[in-house]
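# Sequence below, structure please.
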Amino acid sequence: MSITGRLREKLMIGLRPTRLDVVNESELHAGHRNSPGTGESHFRILIVSEAFSGKSRVDRHRLVNDLLKEELAGGVHALALSTIAPGEALPKAVASHG
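Prediction:
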């Protein structure tokens with residue numbers, strides 16, 4: 001299974017999101033000094049989940065990082081997270097495009 005598939009599967013099982021966008025942005029970082037060049041190293045993830053309700057942004061990111069610890073220790077070099085509880089506003093870039 002691809003890294004993208006593993007990220008999606010672990011987040012779906014662990015957080016039961018109502019929305020999950022996993023965007024591979026690795027091609028935007030090809031050739032950068034620290035980029036591993038694997039084609040699956042840089043991701044932007046939007047998650048809307050009840051699991052985030054009442055939690056700080058740091059606690060939300062810790063939840064995600066714990067679920068993805070194997071991938072973060074291996075091939076994933078960068079992870080940009082938007083962690084939203086139901087009823088919260090989506091980030092402006094997502095709301096205008098998504």
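# Quick check: Arg44 is in a strand.
Yes. The assignment for Arg44 by DSSP: H, G, I helix; E, B strand; the rest coil puts it in a strand.
# Against Asp21, how distant is it?
Computed with CB to CB, to the nearest Å, the distance linking Arg44 and Asp21 is 8 Å. Any C-beta I mention is one placed from the backbone N, CA and C, and that applies to glycine too.
# middle-most residue in this protein, spatially?
Centre of the chain computed as the mean C-alpha position; nearest residue by CA atoms, centre = their mean is Ile45, 3.0 Å away.
# so that residue makes contact with Ser82?
Yes. Between Ile45 and Ser82 there is a contact at 7.1 Å, judged by CB atoms under 8 Å.
# related to what we said a few turns ago, between Arg44 and Asp21, which is the more surrounded one?
Arg44 (17 against 14; other CB atoms under 10 Å).
# Tell me the bridge partners for that one.
Val23, Ala80 (DSSP bridges).
# where are the low-confidence patches of this structure?
27-40, 93-98 (pLDDT under 70).
# Count the residues that sit near Gly74.
Around Gly74 there are 13 residues (other CB under 10 Å).
# quick one: it and Ala85, what's the gap?
29 Å.
# and what of Leu79?
From Leu79 over to Ala85 (counting by CB to CB), the distance is 19 Å.
# quick one: contacts of the lengthiest helix in the chain?
Across the chain, the longest stretch assigned as helix under DSSP state H is helix 3-15. Under the contact criterion CB atoms under 8 Å, 6 or more residues apart in numbering, helix 3-15 has outside partners 1, 17, 20, 22, 24, 38, 40, 43, 45, 47, 49, 51-52, 63-64, 67-68, 71, 75-76.
# Thought Ile47 was touching Leu79, still the case?
No. Counting by CB under 8 Å, Ile47 is not a contact partner of Leu79; they are 11.4 Å apart.
# Report the set of residues contacting both of the two.
What both Leu79 and Ile47 touch, as defined by CB under 8 Å, 6+ apart, is the set Val64.
# Who has more neighbours out of these two?
Ile47 (24 against 17).
# Leaving out the residues flanking it, which one is nearest to the more buried one?
Closest residue to Ile47 apart from its sequence neighbours, by CB to CB, 6 or more residues apart in numbering: Pro17 at 5.0 Å.
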